[in-house]
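> need a structure here:
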Amino acid sequence: MINTYMGVEFVRHVGLEAHGDMCRLIIRKEKGHTEITQFIVGGLEIGQQAVVLAGAACLKEIARNLGEQGLRPDALLHSGRLVFLTAPNCLAEIFRHGELLQRGPLHRSAPVLRWVSDWSWVYANGSEPGLVREYQRRVHEFIRPLNAISMCTVQCEKLARTSLLAMLADHRRAVRTMEPARRPASA
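Down below sits the predicted model:
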């Protein structure tokens, strides 16, 4: 089942009980980043750090949207409350686990972290599904121990329903590989 989450759905992610939930996948058929902006603003308003992994064009659009919401993205980026990771260049840092946390912009002291991964750049490049799934698995493996509430998005204007369902299945497989490691920790 493919769901588009709007502001009402994000309300249930605010509390700490959301950490047991799997990452949400939002498939956008139209251009725009309304869901991402709502998710980020919701976290920033309650003092959470927000991290966005996306292509450069997506990051610029999100910054513009945040500015339209009355926030100052430049100040948020400078203070570290908002972190933009430009894909694909940031993947090497993420996959080396420790470096981004030791010398990077992520704050381990933040009580909760909101993480958004926009995968539009990788699907637009025509990457093979196995490679996309591996990227997603490794990113989820990195963010899971960070106590993060996560959301993945992808913008696909002209994909058929079967391709959309395949994307959803790939995302579930990538996230599911993390389930066995997470269950014992919460038990």
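
> contacts for the longest strand along the chain, please.
Determined from DSSP state E, the single longest strand within the chain is strand 148-155. Strand 148-155 is contacted by residues 5, 13, 18-19, 21, 23-31, 33, 35-36, 39, 43, 51, 112-120, 123, 136, 140, 143, 167, 171 when judged by CB atoms under 8 Å, 6 or more residues apart in numbering. No exception for glycine: its C-beta is placed from N, CA and C like everyone else's.

> so what strands line up beside that strand?
Strand 148-155 pairs in its sheet with strand 24-28 (parallel), strand 113-118 (parallel), by DSSP bridges.

> could you give the angle of the following helix or strand past it to strand 113-118?
Per DSSP states H and E, the first helix or strand lying C-terminal to strand 148-155 is helix 161-176. Angle between the axes of helix 161-176 and strand 113-118 is 150 degrees (criterion: axes from the mean of the first three to the mean of the last three CA atoms, to 10 degrees).

> what packs against helix 161-176?
strand 24-28, helix 129-143 (3 or more CB pairs under 8 Å, 6 or more residues apart in numbering; DSSP states H and E).

> to Asn89, which of the ones you listed lies closest?
helix 129-143 (13.1 Å; CB to CB).

> now the closest one: buried residues?
132-133, 135-143 (16 or more other CB atoms under 10 Å).
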